[in-house]
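Chemist: For reference, the sequence and a predicted model appear below.
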Amino acid sequence: MVEWVEPPALRSRGWPAVLRQNLPVVIRYAHYRTDARAVIVVADTNNSILHTAAHTGNPHPDCRLCALRTVAGTTLAQLTRVPGRPALRVAIGAATPAIEAWYLRGMQPHPSEQKWAAGGARGYDKLSLKRAAYGTDRAGHQIMTGVAMTQAERLAANLALLRTDFPGGFGALETDILAL
Amino acid sequence: MIKALRFQNYKVLRDTTLPLGKFTLLIGPNGSGKSTAISAFRKALTSEPSGPSQLIASASAPPGQDVTVEVQWGEPYRATLTARWTANGPVGHSINAPGGATGPLVQALRDELSRVRVYSFDATHLAATVQSQPEMALGETGMGLAGVLDRLRDQHPERFDALNAELARWLPEFDKVLFDTVGPGQKAIFLRDRASGHRIPAWDVSQGTLLALGILTIAYLPDPPPVAGFEEPDRGIHPRLLRDVRDALYRLAYPKDYGESRPPVQVIATTHSPYMLDLFREHLEEVVIAEKRGNEAKFEPLAHRPDIEKVLHDAQLSDAWFTGVLGGVPTE
């Protein structure tokens, strides 16, 4: 069962900060200052390599999902026990090349990890995905939030769409969440 | 659209060109000519100052050389207006265009330049009461805000409502801009506290709130200036709100993307904020670096830097800027 609570006003400032500062701080905050059972993280991969099952147990140095897992694992290992509190869990996903690719699943230009791996043949990049998702690559906060909500509701009804086309980044997230 | 400003022997801008797009963000150290450049539109039109060129000549300019400021238009005008100062004083401006400087063209260029505004808000001016007038415009320091918002409410209520909704999103403690007459013909702004309904006079709200209200007001005007400069629009505003500030400026520059049907405003903004700069990571073509060497400054679009994407890789734009590898930092 999911209990809806007022979300903490967390934001990050780009990949290097997410990895080095934001994620460890958020994990420590969630452990020491909340009763949250888990932290769920999804990062854009940009131009880093796709996450694959082969990385499991053998993290790839250029894979963002692997990097997040490593940082999360290190941070979790450093937490001191809080009496009465179950161990905090972390679920991690990675959207390739950006979260807009997930929003557009089943719509033009049919993004997928397979297409992205095909390089020049894929026919889209981060900015064109934004234009397809929001109608502009300079969307305001309200437009982006509105599209995110609409597409999340659409996709939640059929997660197989994401599982099929984003097996590395979404598949890993789904597996982590189901194990919580 | 104005595609560039070209400077020769003009203050710190000894010999450089500032390329301009629909939106231009200028970064650089203090004294690197950012403000000098965006204030030059008016100088080019009015030939101020009225004295000899020495008053505005670059320190490193050879004695006796003329000072020039060129405003270069792209389509539809493809014209260049050149203002010149000699040792004897300003000689006015000349206009070159492929079809000649016809009367209508000259008028159109002069009209556009006369409507350029460079906003550098002062909180006390934004909060000031105003004598109501039918056609009040927002001053470059924020004077007249109460009158402009009052007119917006009366003549464009849908825009006024949208501005209120946006303000409430930026600053959730307030939910509406109100007005009152505080003296004979004197209008004043009040902000309504969402929780209590209490009216707080503008002169009692924070400076950052007033600065944000000033930017929002321009973004929601039905008839903003064709070219708008913003001196440090991030000033006094929390870093987490800077994305909204950027979006307000984008609303001016890219109106269709924000559901607006009015003509686009050419926006030029300056900043020293790393948080603001980071918001332009996906549009490096909008960032221009002002580089100061000795007593001269030059402009260079960030996107023109060789291998810029390879240099940046995953780094935050602000971090890369701070290291100095992009230039636009104080000399040591």
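Modeler: Looks like it arrived, so ask away.
Chemist: Quick check: residues of chain B near chain A?
Modeler: Contact residues, chain B versus chain A (CB under 8 Å from any CB of the partner chain): B:169, B:240, B:243-244, B:247, B:250-251, B:254, B:256-258, B:275, B:278, B:281-283, B:314-316, B:319. In short, each C-beta sits where N, CA and C put it, glycine included.
Chemist: run the last query once more with 10 Å
Modeler: B:23, B:165-166, B:169, B:239-240, B:243-244, B:246-248, B:250-251, B:253-254, B:256-259, B:274-275, B:278, B:281-283, B:286, B:309, B:313-319 (CB under 10 Å from any CB of the partner chain).
Chemist: Tell me, please, where in chain A the pLDDT is lower than the cut-off.
Modeler: Applying pLDDT under 70 to chain A flags residues A:1-3, A:5.
Chemist: Show the buried residues in the residues of chain B next to chain A.
Modeler: B:23, B:166, B:243-244, B:246-248, B:250-251, B:253-254, B:257-258, B:274-275, B:278, B:283, B:286, B:315-319 (16 or more other CB atoms under 10 Å in any protein chain shown).
Chemist: In helices only, show me the residues of chain B next to chain A.
Modeler: Those of the residues of chain B next to chain A mapping onto helices are B:165-166, B:169, B:243-244, B:246-248, B:250-251, B:253, B:274-275, B:278, B:309, B:317-319, per DSSP state H.
Chemist: Ignoring the adjacent residues along the chain, who's closest to B:E112?
Modeler: Among residues not flanking B:E112 along the chain, B:P226 sits closest, at 5.4 Å (CB to CB, 6 or more residues apart in numbering or on different chains).
Chemist: Can you verify my assumption that the one you found contacts B:K22?
Modeler: No: between B:P226 and B:K22 there is no contact under CB atoms under 10 Å: 11.7 Å.
Chemist: Find the residues that touch each one of the two.
Modeler: Overlap of the contact sets of B:P226 and B:K22 (by CB atoms under 10 Å, 6 or more residues apart in numbering or on different chains) consists of B:M1, B:P264, B:V265, B:Q266.
Chemist: sec struct for the second one, please.
Modeler: Three states are possible here, and by DSSP: H, G, I helix; E, B strand; the rest coil the one that applies to B:P264 is coil.
Chemist: residue contacts, it?
Modeler: Per CB under 10 Å, 6+ apart, neighbours of B:P264: B:M1, B:K22, B:F23, B:P224, B:P226, B:R251, B:L252, B:A253, B:Y254, B:P255, B:K256, B:D257.
Chemist: Let's have these in CSV, adding pLDDT.
Modeler: Below are the contacts of B:P264 laid out as CSV (pLDDT from 0 to 100):
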residue, pLDDT
B:M1, 94
B:K22, 98
B:F23, 98
B:P224, 97
B:P226, 96
B:R251, 98
B:L252, 98
B:A253, 98
B:Y254, 98
B:P255, 97
B:K256, 96
B:D257, 95
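Chemist: Out of those, which comes closest to A:G120?
Modeler: Closest approach to A:G120 among the contacts of B:P264 (CB to CB): B:D257, at 27.8 Å.
Chemist: how close does that closest one get to A:A139?
Modeler: In this view, B:D257 and A:A139 are 7 Å apart by CB to CB, to the nearest Å.
Chemist: So between B:P226 and B:K22, which is more surrounded?
Modeler: When neighbours are counted by other CB atoms under 10 Å in any protein chain shown, B:P226 and B:K22 differ, and B:P226 comes out ahead with 18 against 14.
Chemist: Show the contacting residues for residue 52.
Modeler: No chain was given, so I picked chain A. Applying CB under 10 Å, 6+ apart to A:T52 gives the contacts A:H60, A:C63, A:L65, A:C66, A:E113, A:A117, A:P167, A:G168, A:G169, A:G171, A:A172.
Chemist: was after chain B, sorry
Modeler: Residues near B:P52 by CB under 10 Å, 6+ apart: B:V67, B:W85, B:T86, B:A87, B:N88, B:G89, B:P90.
Chemist: Max pairwise distance over those: which two?
Modeler: B:V67 and B:N88 (12.1 Å).
Chemist: And those two? Which one has more around it.
Modeler: B:V67 (25 against 9).
Chemist: residues in contact with residue 59?
Modeler: As the question left the chain open, I've gone with chain A. A:P59 touches A:H51, A:L65, A:C66, A:A67, A:R69, A:T70, A:G73, counting by CB under 10 Å, 6+ apart.
Chemist: wait, I meant chain B there
Modeler: B:N9, B:K11, B:V12, B:R14, B:G294, B:N295, B:E296.
Chemist: go again using 6 Å as the cut-off
Modeler: B:N295 (CB atoms under 6 Å, 6 or more residues apart in numbering or on different chains).
Chemist: quick revisit: with pLDDT and secondary structure as extra columns, can I get the contacts of B:P52 in JSON lines?
Modeler: Formatted as JSON lines, the contacts of B:P52 follow (pLDDT from 0 to 100; DSSP: H, G, I helix; E, B strand; the rest coil):
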{"residue": "B:V67", "pLDDT": "95", "secondary structure": "strand"}
{"residue": "B:W85", "pLDDT": "95", "secondary structure": "strand"}
{"residue": "B:T86", "pLDDT": "94", "secondary structure": "strand"}
{"residue": "B:A87", "pLDDT": "92", "secondary structure": "coil"}
{"residue": "B:N88", "pLDDT": "92", "secondary structure": "coil"}
{"residue": "B:G89", "pLDDT": "92", "secondary structure": "strand"}
{"residue": "B:P90", "pLDDT": "93", "secondary structure": "strand"}
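Chemist: buried subset of these?
Modeler: Among the contacts of B:P52, those scoring as buried are B:V67, B:W85, B:P90 (criterion: 16+ other CB under 10 Å).
Chemist: how about the second one, what does it touch?
Modeler: It refers to B:W85. So B:W85 contacts B:S53, B:V67 (CB under 6 Å, 6+ apart).
Chemist: mind running it again at 8 Å?
Modeler: B:W85 is in contact with B:S47, B:P52, B:S53, B:L55, B:I56, B:A57, B:D66, B:V67, B:T68, B:V91, counting by CB atoms under 8 Å, 6 or more residues apart in numbering or on different chains.
Chemist: what number of residues lie near A:Y32?
Modeler: Residues contacting A:Y32 under the criterion other CB under 10 Å number 12.
Chemist: and B:R14, helix, strand or coil?
Modeler: strand.
Chemist: before we move on, the earlier item: now distance to A:A160 too, for the buried ones among the contacts of B:P52, in a markdown table please.
Modeler: As requested, the buried ones among the contacts of B:P52 are exported to a markdown table (distance: CB to CB, whole Å):
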| residue | distance to A:A160 |
| --- | --- |
| B:V67 | 69 |
| B:W85 | 71 |
| B:P90 | 72 |
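Chemist: Surely A:Q108 and A:A132 touch.
Modeler: Yes: counting by CB atoms under 8 Å, A:Q108 touches A:A132, with 6.3 Å between them.
Chemist: More neighbours: which of these two?
Modeler: In terms of neighbours (other CB under 10 Å), A:A132 is the more surrounded of A:Q108 and A:A132; the figures are 18 against 9.
Chemist: How about the host helix or strand of that one and chain B, touching?
Modeler: A:A132 is part of helix A:126-134 when elements are defined by DSSP states H and E. Yes: residues of helix A:126-134 contacting chain B under CB under 8 Å from any CB: A:K126, A:L127.
Chemist: Which positions in the helix or strand following that helix come out as buried?
Modeler: Going down the chain from helix A:126-134, the next helix or strand is helix A:141-156, by DSSP H and E. Neighbour-count burial for helix A:141-156 flags A:I143, A:M144, A:V147, A:A148, A:Q151, A:L155 (criterion: 16+ other CB under 10 Å).
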